[in-house]
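Chemist: predicted structure and sequence below. I'll ask about it afterward.
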Amino acid sequence: LHDLERKILCSLPEIEHWFRNQWQEHTPPFYGSVDLRNAGFKLAPVDMNLFPGGFNNLNPDFHPLCVQAAMMALEGFCPDARRLLLIPENHTRNLFYLQNVSAIARILRQAGIVVRIGTINPEITQPTRFDLPDGGCLTLEPVLREGNRVKLADFDPCVVVLNNDLSAGIPTLLQGIDQTLLPPLQAGWAVRRKTRHFAAYDEVVNDFASLIGIDPWVINPYFSGVSGLDFHAREGEQQLADTVSDMLAKIRVKYAEHGIDEQPFVIVKADAGTYGMGVMSVKSPDDVLGLNRKQRNKMSVVKEGLEVSEVIVQEGVPTFEQINAAVAEPVIYMIDRFVVGGFYRVHTGRGPDENLNAPGMHFVPLAFATPSNTPDCDGSPDCQANRFYSYGVVAR
């Protein structure tokens, strides 16, 4: 890891120049969060969320950075934006999630925008106030449609920002509207697939790795897709086992090449979906053959009751990071092209080769002492600013 971080730090001017050119050609997402795993020998993203929850878990010192990035993002997408409608997920019982919605609204308001929070939850038919665990409150109002515009009863926005990942499909209410919609509808899980995301990431990584002279594998997990699965009927089980077997063999070769003495494992997860649902850690092809009923139920359905027929089989990246003797993984938050903070996802009941996005997790803000795009180049790779700079580079 020190070698990788040293290479990244030594190549800082080239890296930032490369990013600047990339952002001229490709529009960054409005916002996003990236789950990283730091194995010591490898620092790789394992997931990317385009509708991030968890803004309430960021270090409050970085709030001004979030506001500045939101200003830049809105200027790029809709320069004359004045009024913004924020549409969250439908689950109103999760008050910690609503704290995230409140945090996003606060960032956008301080970026100079009038913000109201609308809901497409059919159960909410009039403005409804929620008191939050942190002492704040927010009001959800039902979203209406008039012609090709969505609005509230007394509020016509120029921009609509989704914090709803559309797992249940794209609602008719949002199709074909005239307003700027961020992120676009095809970013939701109704359309998006993790395998397509990582196929695109492969190309980006190969370009970046040749720029700074590293093996792309150290910042990229192997992956493969399996479709046509039916966990209840046990259809496609053998194909899944064969894919797991091939992946484990491929990882063993790489471990031998790099002198890594670890047992390889893979993560099997739904190709569309979120919240750590439909995920299993696998060390042998036998682990996916003859799953018991509980395991099949766990893998067959994800958020909003979506049936799983496609999975991504991804190289497992163990995490060697710990906080108070509990396993931890960094999650990096971005608005537009800027890293705006992050936190460690920590789980006292899980091991270094397991999914940490599970009930019982808690969050510890990353102690960014300075914005993560200004590393201390004279310090060692273990210096926090330098470690977080590397995290920010891989996330971007």
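Modeler: Right, received. Where do you want to start? Numbers count the residues shown, from 1 in each chain.
Chemist: ok, Met72 - contacts?
Modeler: 336-338 (C-beta atoms under 8 Å, 6 or more residues apart in numbering). In short, each C-beta sits where N, CA and C put it, glycine included.
Chemist: let's see it at 6 Å
Modeler: Taking C-beta atoms under 6 Å, 6 or more residues apart in numbering, we find Met72 in contact with Asp336.
Chemist: what's the answer for Val308, then?
Modeler: Contacts of Val308 by C-beta under 6 Å, 6+ apart are 270, 278, 300.
Chemist: which non-adjacent residue is nearest it?
Modeler: Using C-beta to C-beta, 6 or more residues apart in numbering and skipping the chain neighbours, the partner closest in space to Val308 is Ala270 (4.6 Å).
Chemist: correct me if wrong: the one you found contacts Lys298.
Modeler: No - using C-beta atoms under 6 Å, Ala270 is not in contact with Lys298; the gap is 10.7 Å.
Chemist: now the strands for the stretch 251-396 of the chain?
Modeler: 266-270, 279-282, 311-315, 322-323, 326-335, 338-347, 361-365 (DSSP state E, counting those that start in this stretch).
Chemist: quick one: Met334 from Cys66, how far?
Modeler: For Met334, the distance to Cys66 equals 10 Å [C-beta to C-beta, to the nearest Å].
Chemist: give me the number of residues near the residue nearest to Lys250 when sequence neighbours are not counted?
Modeler: Counting by C-beta to C-beta, 6+ apart, the nearest residue to Lys250 once its immediate chain neighbours are dropped is Tyr222, at 5.7 Å. Neighbours of Tyr222 under the rule other C-beta atoms under 10 Å: 20.
Chemist: tell me the SS of Leu211?
Modeler: In terms of secondary structure, Leu211 is helix; the call rests on DSSP: H, G, I helix; E, B strand; the rest coil.
Chemist: pLDDT score for the closest residue to it other than its chain neighbours?
Modeler: Distances taken as C-beta to C-beta, 6+ apart put Trp18 closest to Leu211, at 5.6 Å, once the chain neighbours are dropped. On pLDDT, Trp18 comes in at 97.
Chemist: list the buried residues in the host helix or strand of Trp18.
Modeler: For Trp18, the host element (DSSP states H and E) is helix 12-25. For helix 12-25, the neighbour count (16 or more other C-beta atoms under 10 Å) marks 12, 15, 18-19 as buried.
Chemist: isn't Asn90 right next to Ile124, touching?
Modeler: No - when contacts are counted by C-beta under 6 Å, Asn90 is not listed as touching Ile124 (8.7 Å).
Chemist: in the stretch 201-350 of the chain, which spans are helices?
Modeler: Residue ranges of the helices in the stretch 201-350 of the chain, as given by DSSP state H, counting those that start in this stretch, are 237-258, 293-300.
Chemist: would you format those helices as JSON lines with mean pLDDT and distance to Val308 included?
Modeler: As requested, the helices of the stretch 201-350 of the chain are exported to JSON lines (pLDDT from 0 to 100; distance: least, C-beta to C-beta, whole Å):
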{"stretch": "helix 237-258", "mean pLDDT": "96", "distance to Val308": "11"}
{"stretch": "helix 293-300", "mean pLDDT": "82", "distance to Val308": "6"}
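Chemist: now the ones you listed as JSON lines including distance to Val226 and mean neighbour count?
Modeler: Listed next are the helices of the stretch 201-350 of the chain as JSON lines, based on distance: least, C-beta to C-beta, whole Å; neighbours: other C-beta atoms under 10 Å:
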{"stretch": "helix 237-258", "distance to Val226": "5", "mean neighbour count": "16"}
{"stretch": "helix 293-300", "distance to Val226": "12", "mean neighbour count": "15"}
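Chemist: of all those, which lies closest to Ala168?
Modeler: Nearest of those to Ala168, taken as C-beta to C-beta: helix 293-300 at 16.8 Å.
Chemist: any idea how far that closest one is from the chain center?
Modeler: Averaging C-alpha positions (C-alpha atoms, centre = their mean, to the nearest Å) puts helix 293-300 24 Å from its chain's average.
Chemist: dump that helix to PDB, restricted to CA.
Modeler: Extracted C-alpha coordinates of helix 293-300, given in PDB (Å, rounded to 0.1, in the frame of the first residue of the first chain):
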ATOM      1  CA  ARG A 293     -33.900 -22.000   2.300                       C
ATOM      2  CA  LYS A 294     -32.800 -19.000   4.500                       C
ATOM      3  CA  GLN A 295     -29.800 -18.300   2.200                       C
ATOM      4  CA  ARG A 296     -31.900 -18.600  -0.900                       C
ATOM      5  CA  ASN A 297     -34.500 -16.200   0.500                       C
ATOM      6  CA  LYS A 298     -31.800 -13.700   1.400                       C
ATOM      7  CA  MET A 299     -30.300 -13.800  -2.100                       C
ATOM      8  CA  SER A 300     -33.500 -13.900  -4.100                       C
END
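Chemist: against which helices or strands is the helix or strand bottoming out on mean pLDDT in the chain packed?
Modeler: Sorting the helices and strands of the chain by mean pLDDT, DSSP states H and E puts strand 361-365 at the bottom, at a mean of 78. If contacts are counted by 3 or more C-beta pairs under 6 Å, 6 or more residues apart in numbering; DSSP states H and E, strand 361-365 sits against strand 338-347.
Chemist: tell me the strands beside the strand it packs on, with direction?
Modeler: Next to strand 338-347 in the sheet, as set by DSSP bridges, lie strand 326-335 (antiparallel), strand 361-365 (antiparallel).
Chemist: and those strands: which comes nearest Arg350?
Modeler: strand 326-335 (5.6 Å).
Chemist: let me see the backbone angles for the closest residue to Pro28 other than its chain neighbours.
Modeler: Of all residues not flanking Pro28 in the chain, Arg337 sits nearest, at 4.6 Å (C-beta to C-beta, 6+ apart). Dihedral angles phi and psi of Arg337 (degrees, to the nearest 10) take the values phi -90, psi 10.
Chemist: and Arg337, how many neighbours does it have?
Modeler: Counted with other C-beta under 10 Å, Arg337 comes out at 19.
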